[in-house]
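Student: Just need the structure, nothing else, for what follows:
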Amino acid sequence: MIDLRPAAERGAFRNAWLDAKYSFSFNNYYDPRRMGFRALRVINEDRFGGGQGFGMHPHDNMEILTWVNSGALAHRDSTGGEGRIGPGELQAMSAGSGLTHSEFNASKTEPVHLFQIWIQPDEEDVTPGYSQKTFDRAARTNQLQLVASPTGAEGSLKIGADAKMYALILEAGKTVHYPVAAGRNVWVQVAEGSLTVNGQPLATGDGAAIENESELVFTAQAHTELIAFDLK
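Tutor: Take a look at the predicted model:
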């Protein structure tokens with residue numbers, strides 16, 4: 001079963017420097033039908049203007065992943081984590097017993113486009129942690145690239161949740177198959193492009209909650225970039 005979350009139906013917030021789209025209830029946007037999917041609690045697609053961002057603010061007991069599509073993000077947190085996150089780079093924070101962090105556009109002039117993801121952890125009140133890695137673009141072109149997992153398999157960042165995050169760039173006309181293990185579920189979020197997943201059309205900004213499917217078949221109609229989450 002594939003439950004489409006159309007781009008136009010997402011929650012939204014916009015001000016002078018931030019254009020945000022919410023797949024699930026977040027901040028002042030509330031939809032009781034869209035509180036998350038399995039352990040996936042937040043997928044926010046954000047675009048920051050030059051030099052803008054969020055100052056220091058707290059989190060606890062959440063696995064927080066940031067994936068940059070274009071531009072660059074400057075990060076700082078209370079664990080000592082600090083760096084610049086560019087396209088194809090993933091940042092993972094275990095908020096655990098509590099941390100604070102800030103995220104700003106690293107450029108004063110160019111916009112940054114990113115996804116921030118929250119996943120509920122398997123254990124609460126763990127020691128906070130931070131990691132960051134750039135993933136080779138070629139390794140996710142026409143094949144799913146594992147970028148986060150509970151074991152750090154295949155060079156992915158290790159997270160404290162029974163969830164896997166994949167990235168995929170699919171060229172027009174190409175097809176990729178993904179076997180879904182029994183009892184697992186998948187969320188797909190399209191960053192750009194158009195494709196079908198098991199025949200269901202998805203386009204830029206669309207998401208899909210997928211349950212009770214033994215295999216996913218991704219076929220691109222145009223150049224497509226997406227992220228996907230394998231969840232229990």
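Student: CA atoms only: put stretch 10-19 into PDB for me.
Tutor: Only the C-alpha atoms of stretch 10-19 are listed here, as PDB (Å, rounded to 0.1, in the frame of the first residue of the first chain):
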ATOM      1  CA  ARG A  10       2.300  19.800   3.200                       C
ATOM      2  CA  GLY A  11       2.300  22.300   6.100                       C
ATOM      3  CA  ALA A  12       4.100  25.500   5.300                       C
ATOM      4  CA  PHE A  13       5.800  28.400   6.900                       C
ATOM      5  CA  ARG A  14       7.400  31.400   5.200                       C
ATOM      6  CA  ASN A  15       9.000  34.600   6.300                       C
ATOM      7  CA  ALA A  16      11.600  37.000   4.900                       C
ATOM      8  CA  TRP A  17      14.400  34.400   5.000                       C
ATOM      9  CA  LEU A  18      12.900  31.000   5.500                       C
ATOM     10  CA  ASP A  19      10.700  28.900   3.200                       C
END
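Student: Could you pull out the buried residues of it?
Tutor: Neighbour counts over stretch 10-19 (16 or more other Cβ atoms under 10 Å) mark 10-11 as buried. Any C-beta I mention is one placed from the backbone N, CA and C, and that applies to glycine too.
Student: where's that stretch relative to the chain centroid, distance-wise?
Tutor: 18 Å (Cα atoms, centre = their mean, to the nearest Å).
Student: What lies in contact with that stretch?
Tutor: For stretch 10-19, the external contacting residues (Cβ atoms under 8 Å, 6 or more residues apart in numbering) are 20-29, 31, 34, 45-49, 52, 205, 207.
Student: before we move on, what about stretch 137-153?
Tutor: 65, 67, 88, 90, 92, 122, 133, 135-136, 154-171, 174, 176, 178, 228.
Student: related to what we said a few turns ago, and the contacts of stretch 10-19, which of them are buried?
Tutor: The buried subset of those - by 16+ other Cβ under 10 Å - is 20-26, 34, 45-49, 52, 205, 207.
Student: Domain map for this structure?
Tutor: Taking automatic domain parsing as the criterion, the chain consists of the domains 10-135, 138-231.
Student: Residue 4 is nearest to which of those?
Tutor: Residue 4 lies closest, by Cβ to Cβ, to one member of those: domain 138-231, at 5.4 Å.
Student: quick check: mean pLDDT across the closest one?
Tutor: For domain 138-231, the mean per-residue pLDDT is 98.
Student: go on, stretch 38-46?
Tutor: Stretch 38-46 carries an average pLDDT of 98.
Student: From residue 21, how far off is the residue nearest to residue 181 when sequence neighbours are not counted?
Tutor: Using Cβ to Cβ, 6 or more residues apart in numbering and skipping the chain neighbours, the partner closest in space to residue 181 is residue 230 (7.9 Å). The gap separating residue 230 from residue 21 is 23 Å, by Cβ to Cβ, to the nearest Å.
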